[in-house]
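Novice: Fold the stuff below for me.
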Amino acid sequence: MAGKRSIPILKRKRFQRALLAVVLISFAVSVYIFMRQPGLKDTETAVSINNEPISVMELRDTMIRLKASVFMEFSKKHDYIDNDDFWQSSVEGQNPLAVLRETALKEIVQRKVKLSLHKKNGLISDTDYSAILKGLNGENADRKSKVAKKETIYGPEKIDLMQYYTVLDSKNDDVVTKQLEKEKIIDTSDDNLKRYYEETKAKNYKLPDKIKILKIELRFFANGETVLDENEAGKMIKEAEKRLTNGESFEAVAKAFNKDGSLIPYTFDPSHFPKRDLTLLKTFDVAEKLKPGEISKAFKTDSTFEIIECVDREDSGYSTFSDMKDSVKANLLREKLNQYIRTLSDSAVIKKNEAVFDRVTF
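Specialist: Okay, here's the model as predicted:
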């Protein structure tokens, strides 16, 4: 009996040894492959756009910059909370890391198309990422030198890559749009400008309404001098707001809190608009949101606490085309350039180096 029972035990031990050998060999092969497989190099091509290679470094840098915005999009759509596995997980069939790569690629395509237009017009010599970074370093060196010489610069002494792209656009877009005008890609004839003005005047050329208001005003600073203690003025405006909430008339509360018990009327007239008065600009911003008869909540300006009532408002119409022609043209050129770039981006030839592209992470 003992001999008969020893046979399956031997077989089982041999099977276990064989299985262990297979596992060890598989592990050794995996380690060997892993050790032989090099990490991605910054200079490797992850994808090409219109035959222009895009490096791993450019894709990765763009992914890092867009990482937060992509996460926020997932959070809004899926109410997803970040955890250690977020970028490797599947959220309703989508892998966040893959989405991040595609989002970064889309931005790079539009950027390269724009830079290619700059290069085509002789405004930059190279669109390669390393050349752009070299240009950024040169820009920052130039800014540092100007600051040392007490010369004027626009913006900070040191800018980042996205700010540098903005610098390039501000320098080069006028030349690009003028060329697109010559090529009849953008139509800036008077008829087209007038048509564009009519299409956009409600958004861009509406004059501020003429608005009449009454104010409860507690001024804590005027002409370089303290009028009221700021904390005390803050408490007083809250008390005024409470009395209005409890049903007292605006006129009665205004007379109780305004200096000398007066009503303070004011009319915002677009022909005499207070462009430099920060206090009035803040008050106008609040007044613009009110309908006749509505009363605002208490708010603070740079020198007052206020509550206002809108008494009346009149539509002031629009700035005329003749007055705004230059602005209309500038807005049209900017919009049409962006449309042209989107069109070129949509038709761009994109070829992914899948073995590299799918492995890029941050």
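Novice: And the helices in the stretch 101-250 of the chain?
Specialist: 129-148, 161-182, 190-204, 230-245, 250-257 (DSSP state H, counting those that start in this stretch).
Novice: Centre-most residue in the protein?
Specialist: Nearest to the geometric centre of the chain sits residue 69, at 9.6 Å (CA atoms, centre = their mean).
Novice: Now do the same contact list for that residue.
Specialist: residue 103 (CB atoms under 8 Å, 6 or more residues apart in numbering). All C-beta spots, glycine's among them, are computed from the backbone N, C-alpha and C.
Novice: helix or strand right after the one helix or strand in the chain whose mean pLDDT sits lowest?
Specialist: Least confident helix or strand of the chain, by mean pLDDT, DSSP states H and E, is helix 2-36 with a mean of 43. Following helix 2-36 in sequence order, the next helix or strand is strand 45-49 (DSSP states H and E).
Novice: mind showing which ranges of the stretch 201-350 of the chain have poor pLDDT?
Specialist: Within the stretch 201-350 of the chain, the segments meeting pLDDT under 70 span 222-226.
Novice: could you pull out the strands for it?
Specialist: With DSSP state E, counting those that start in this stretch, the ranges of strands along the stretch 201-350 of the chain come out as 210-219, 221-222, 225-226, 264-268, 299-300, 304-314, 350-352.
Novice: Quick check: which of these is nearest to residue 44?
Specialist: In terms of CB to CB, the element of those nearest to residue 44 is strand 350-352, at 12.5 Å.
Novice: Residue 191 versus residue 185, what's the distance?
Specialist: If you measure residue 185 against residue 191 using CB to CB, to the nearest Å, the figure is 17 Å.
Novice: Compare the two (neighbour count), which wins?
Specialist: residue 185 (13 against 8; other CB atoms under 10 Å).
Novice: mind checking the backbone torsions on that one?
Specialist: The phi/psi pair for residue 185 (degrees, to the nearest 10) reads phi -80, psi -30.
Novice: And it, how close does it get to residue 333?
Specialist: 11 Å.
Novice: so residue 233 makes contact with residue 221?
Specialist: No: if you go by CB atoms under 8 Å, residue 233 and residue 221 don't touch, sitting 9.4 Å apart.
Novice: buried set for stretch 206-213?
Specialist: 209, 211-213 (16 or more other CB atoms under 10 Å).
Novice: CA-only coordinates of it in PDB, if you can.
Specialist: What follows is stretch 206-213, C-alpha atoms only, in PDB (Å, rounded to 0.1, in the frame of the first residue of the first chain):
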ATOM      1  CA  LYS A 206     -22.100  97.900 -27.600                       C
ATOM      2  CA  LEU A 207     -21.800 101.200 -25.700                       C
ATOM      3  CA  PRO A 208     -22.500 101.100 -22.000                       C
ATOM      4  CA  ASP A 209     -26.100 101.900 -21.000                       C
ATOM      5  CA  LYS A 210     -26.800 105.300 -19.500                       C
ATOM      6  CA  ILE A 211     -27.500 104.300 -15.900                       C
ATOM      7  CA  LYS A 212     -29.000 106.400 -13.200                       C
ATOM      8  CA  ILE A 213     -28.400 105.300  -9.600                       C
END
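Novice: just to revisit the earlier point, could the strands of the stretch 201-350 of the chain be laid out in TSV, adding distance to residue 124?
Specialist: TSV is the format used below for the strands of the stretch 201-350 of the chain (distance: least, CB to CB, whole Å):
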stretch	distance to residue 124
strand 210-219	48
strand 221-222	50
strand 225-226	55
strand 264-268	46
strand 299-300	47
strand 304-314	50
strand 350-352	22
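Novice: among the ones you listed, which is nearest residue 178?
Specialist: strand 350-352 (29.3 Å).
Novice: between the host helix or strand of residue 76 and helix 161-182, what angle do the directions make?
Specialist: Element membership for residue 76 (DSSP H and E) is helix 56-78. On the basis of axes from the mean of the first three to the mean of the last three CA atoms, to 10 degrees, helix 56-78 is oriented at 90 degrees to helix 161-182.
Novice: State the mean pLDDT of helix 56-78.
Specialist: For helix 56-78, the mean pLDDT works out to 92.
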